[in-house]
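Enquirer: my questions are about this predicted structure, shown below with the sequence.
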Amino acid sequence: MSVINLTETETLAIKSIDERQLDKKIDLAIREENLDGLPREVLLKSGDYIVSQLRSFQDALSRYRQAKSAQNRENKFSEAHRYGHRLLSAVRQMKDRVETEEKQRQLFYIHDNGYPPFRFTNDLTATVSYRWRQRVEDDWTSGQTTFRHRVIRDHSYVLTKPRRKLSAARQAQLDENELVSTWEGMVSTILCTLRDYFADGGDGNAIPENFLLKVDRFGRLNNFSARFWDDQHGKKTDP
């Protein structure tokens, strides 16, 4: 799954969008009450965030088109403008992200297209590969780190208990779903932490080859779980 890196298709699509033209076409779409003039094919290739804003704008425009009374049409007109502005804002934000990623890739790159394990257990692991350099003229240095997390199951916080005891198969499916969700959140936290570490000028040589994620007092992960530099055992030692 891709978390922190835009795909090449998304990057090219975002860069091809003319903000001024899009602004005009959004206004035209509202006046004509349809999306015919909008570059939908390009927008649909620009990533989930822009696609979600496009669909929200489309829904708002549909509500405006279906409104009958003068008061309702006025309200839906304002709503369509609001969602149109959000679409334009999303494009501007993603253009800024493209620019940021292109600058960062001159000094570091973190591979975020890892695959989940074949079988999920309470001992979750994720191995992340990356490369970095201090200056653009330097050679690349590659590294990889395996992050680990021991899941502690605690259902005491569940307020609603099932009326019937779940079958073994059903309970196993629920447990696996929970592990999948935990692993996905864990990977997202790791990737964002590494990205921020390198973006702040962090030294790739200081990243440990293995790191046990830190948990809160309830045994759960949070946004600080992968901050290896906050912990003494997160430093490399000589072999």
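Expert: That came in fine, so what should we check first? Numbering: from 1, shown residues only.

Enquirer: where do the strands sit along this protein?
Expert: Assigned by DSSP state E, the chain shows strands spanning 108-110, 123-132, 141-150, 210-212.

Enquirer: pretty sure Ser46 contacts Ile14?
Expert: Yes - when contacts are counted by Cβ atoms under 8 Å, Ser46 is listed as touching Ile14 (4.9 Å). C-betas here are computed from N, CA, C, even on glycine.

Enquirer: in JSON lines: the strands of the chain, plus mean pLDDT and distance to Phe57.
Expert: Output for those, formatted as JSON lines (pLDDT from 0 to 100; distance: least, Cβ to Cβ, whole Å):
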{"stretch": "strand 108-110", "mean pLDDT": "97", "distance to Phe57": "32"}
{"stretch": "strand 123-132", "mean pLDDT": "96", "distance to Phe57": "36"}
{"stretch": "strand 141-150", "mean pLDDT": "96", "distance to Phe57": "39"}
{"stretch": "strand 210-212", "mean pLDDT": "96", "distance to Phe57": "43"}
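
Enquirer: tell me the most buried of these?
Expert: Ranked by mean neighbour count, the strands of the chain are led by strand 108-110 with a mean of 20 (mean count of other Cβ atoms under 10 Å).

Enquirer: could you list the buried residues of the longest helix along the chain?
Expert: The single longest helix within the chain, with elements called by DSSP state H, is helix 70-104. Across helix 70-104, burial judged by 16 or more other Cβ atoms under 10 Å covers 76-77, 79-81, 83-84, 86-88, 90-91, 94, 97-98, 104.

Enquirer: and for Ser46 and Ile14, which residues touch both?
Expert: Shared contacts of Ser46 and Ile14 (Cβ atoms under 8 Å, 6 or more residues apart in numbering): 91, 94.

Enquirer: low-confidence stretches in this protein?
Expert: 1, 154-163, 231-239 (pLDDT under 70).

Enquirer: domain map for it?
Expert: Following automatic domain parsing, one gets these domains for the chain: 8-104, 108-234.

Enquirer: just put those in a markdown table and tack on distance to Ser2.
Expert: Below are these laid out as a markdown table (distance: least, Cβ to Cβ, whole Å):
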| stretch | distance to Ser2 |
| --- | --- |
| domain 8-104 | 9 |
| domain 108-234 | 6 |
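
Enquirer: among those domains, show me which one is buried the most.
Expert: Counting by mean count of other Cβ under 10 Å, the most buried of the domains of the chain turns out to be domain 8-104, with a mean of 16.

Enquirer: tell me how far that one lies from the chain's centre.
Expert: 20 Å (Cα atoms, centre = their mean, to the nearest Å).

Enquirer: also stretch 125-139?
Expert: Worked out by Cα atoms, centre = their mean, stretch 125-139 lies 20 Å from the chain centre.

Enquirer: residues in contact with that stretch?
Expert: Contacts for stretch 125-139 (Cβ under 8 Å, 6+ apart): 106-112, 114, 117, 140-149, 183, 186-187, 190-191, 194, 198, 204.

Enquirer: run the last query once more with 7 Å
Expert: Contacts with stretch 125-139, where a contact means Cβ atoms under 7 Å, 6 or more residues apart in numbering, come from 106-111, 114, 140-148, 186-187, 190-191, 194, 198, 204.

Enquirer: so which residues of the protein form helices?
Expert: 8-16, 19-32, 40-43, 48-66, 70-104, 168-199.

Enquirer: helices and strands around the first one, which ones?
Expert: Going back to what we said before, that points to helix 8-16. In terms of contacts (3 or more Cβ pairs under 7 Å, 6 or more residues apart in numbering; DSSP states H and E), helix 8-16 is packed against helix 70-104.

Enquirer: elements contacting the helix it packs on?
Expert: helix 8-16, helix 19-32, helix 48-66.
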